[in-house]
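[1] Sequence first, predicted coordinates after that:
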Amino acid sequence: MPRARLPESVHKLRGTKYRDRRKPSEVAAGRPKQPDHLSEEAKREWRRLIPLLEQRGTLSKADSAVLALYCETHARWLQAKREVAENGLMIESTVLDSSGEQVTSRKPNPALKVAENAERSLRGYLKEFGMTPSSRERVRPAKPEEQPAAPEEDENSEWKIG
């Protein structure tokens, strides 16, 4: 496990400088636009996740589609969990057998399978964004957004009188 990074104040006292060995990505950092088609649950997850990814410096404008998939999968997972909590892990169904008598059978709640598939997908998305303990250090920070430079004043660019 790597050693914790020393604060800048300690580096200043020691006369050293932090050397970040991670090479930044060639992709420029940026905030992706939230798609209009997201459900309300997915929009809530989007608003929760974007600040976390921006703070880490790994977010780019190109991440919109995969973030939308993550957020919709998260919303589906929550809906399936509510269904399982409401109806239980097992559901009972009554059918007629070949002689016409009612037979009650128990089977797993179909929402349980939806929840399990969503959990598997969410884990994959979280790994891609470096939001699991094992993938956290593998994600490279995005290249900082370039700010347009202010026009420099040149002494020859001004009209001189006299």
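    Here it is on my side, so go on. Residues are numbered from 1 along each chain as shown.
[2] residues contacting residue 75?
    Neighbouring residues of residue 75 by C-beta atoms under 8 Å, 6 or more residues apart in numbering: 38, 39, 41, 42, 45. All C-beta atoms are positioned from the backbone trio N, CA, C, and that covers glycine.
[3] what about 7 Å?
    Applying C-beta atoms under 7 Å, 6 or more residues apart in numbering, we find residue 75 in contact with 39, 41, 42, 45.
[4] And what about the closest residue to the first one other than its chain neighbours, helix, strand or coil?
    Spelled out, that is residue 39. In space, residue 39 comes closest to residue 75 once its chain neighbours are excluded; the distance is 5.1 Å by C-beta to C-beta, 6 or more residues apart in numbering. Classification of residue 75 using DSSP: H, G, I helix; E, B strand; the rest coil returns helix.
[5] what's the neighbour count on the residue lying closest to residue 88 once chain neighbours are set aside?
    With C-beta to C-beta, 6+ apart as the criterion, residue 88 has its nearest non-adjacent residue at 6.5 Å, and that residue is residue 109. Using other C-beta atoms under 10 Å, residue 109 has 17 other residues around it.
[6] Residue 59 now?
    23.
[7] ok, now the one 4 residues further on?
    Here the neighbour count serves as a burial measure; for residue 63 (other C-beta under 10 Å) it reads 20.
[8] what sits against it?
    residue 32.
[9] what about it, distance to residue 11?
    Noted for residue 63: a distance of 32 Å to residue 11, by C-beta to C-beta, to the nearest Å.
[10] Show me where this structure has its helices.
    With DSSP state H, the ranges of helices along the chain come out as 8-14, 40-56, 64-87, 110-128.
[11] mind checking which of the ones you listed is nearest residue 134?
    Among the helices of the chain, helix 110-128 comes nearest to residue 134, with 7.7 Å by C-beta to C-beta.
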